[in-house]
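Peer 1: Dropping the sequence and predicted coords here.
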Amino acid sequence: MDPPALPGDTALYKATVEWHADPESPLEGCEVGLRDGQGIEQPVRLVLSPQDVPTDMPAAFPNLCEPEGAAGPMAINPFELDANILPESSARPAEWEMTYYFVTNADFEPSELFVTWGAPYEVRLHTGA
């Protein structure tokens, strides 16, 4: 996918992450973003997985950590108050790749990509890694 043409006061960043996780581990509900040295965060604007084809329209609210159409189990049953893993088979592979696109101000200088399932727990990948 070629990056779109952007106005001169913006920048486009692309990050590709190779995921490795047990297909039965819940990963839904994550957030992915870029952060600069001052702690300013920029959210994902578009995410693509290998299952996406040029004729597919990305989901309006994509699952940012699992490939489209191949999600693993849910960790929380919305119909119960107790957190648990729903007993359903996983369509998610053990390894997959996700590509994230970010549109930022032209002067934004990312220092890390972060993945979180809710503060204070997050994974930080320093840019250039």
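Peer 2: Cool, the structure landed. Just so you know, these numbers come straight off a predicted model, no measurement behind them.
Peer 1: Report pLDDT for the most centrally placed residue in the chain.
Peer 2: The centroid of the chain falls nearest to Leu64 when counting by Cα atoms, centre = their mean (3.0 Å). Looking at Leu64, its pLDDT stands at 84.
Peer 1: Could you do Ala15 as well?
Peer 2: At Ala15, the model reports a pLDDT of 90.
Peer 1: separation between Leu125 and Ser89?
Peer 2: Going from Leu125 to Ser89 by Cβ to Cβ, to the nearest Å gives 30 Å. In short, each C-beta sits where N, CA and C put it, glycine included.
Peer 1: Specify which residue of these two has the higher count of neighbours.
Peer 2: A direct count of neighbours by other Cβ atoms under 10 Å for Leu125 and Ser89 places Leu125 higher, at 12 against 8.
Peer 1: excluding its backbone neighbours, what's nearest the more buried one?
Peer 2: Of all residues not flanking Leu125 in the chain, Leu113 sits nearest, at 4.5 Å (Cβ to Cβ, 6 or more residues apart in numbering).
Peer 1: tally of neighbours for that neighbour?
Peer 2: As a burial measure, Leu113 scores 21 neighbours (other Cβ under 10 Å).
Peer 1: do the same with the one 10 residues further on
Peer 2: The number of residues packed near Val123 is 13, by other Cβ under 10 Å.
Peer 1: hey, where'd the strands end up in this structure?
Peer 2: Assigned by DSSP state E, the strands in the chain fall at 10-20, 31-36, 41-43, 46-48, 95-105, 110-116, 122-126.
Peer 1: tell me what the second one is packed against?
Peer 2: This points to strand 31-36. strand 10-20, strand 41-43, strand 95-105, strand 110-116 (3 or more Cβ pairs under 8 Å, 6 or more residues apart in numbering; DSSP states H and E).
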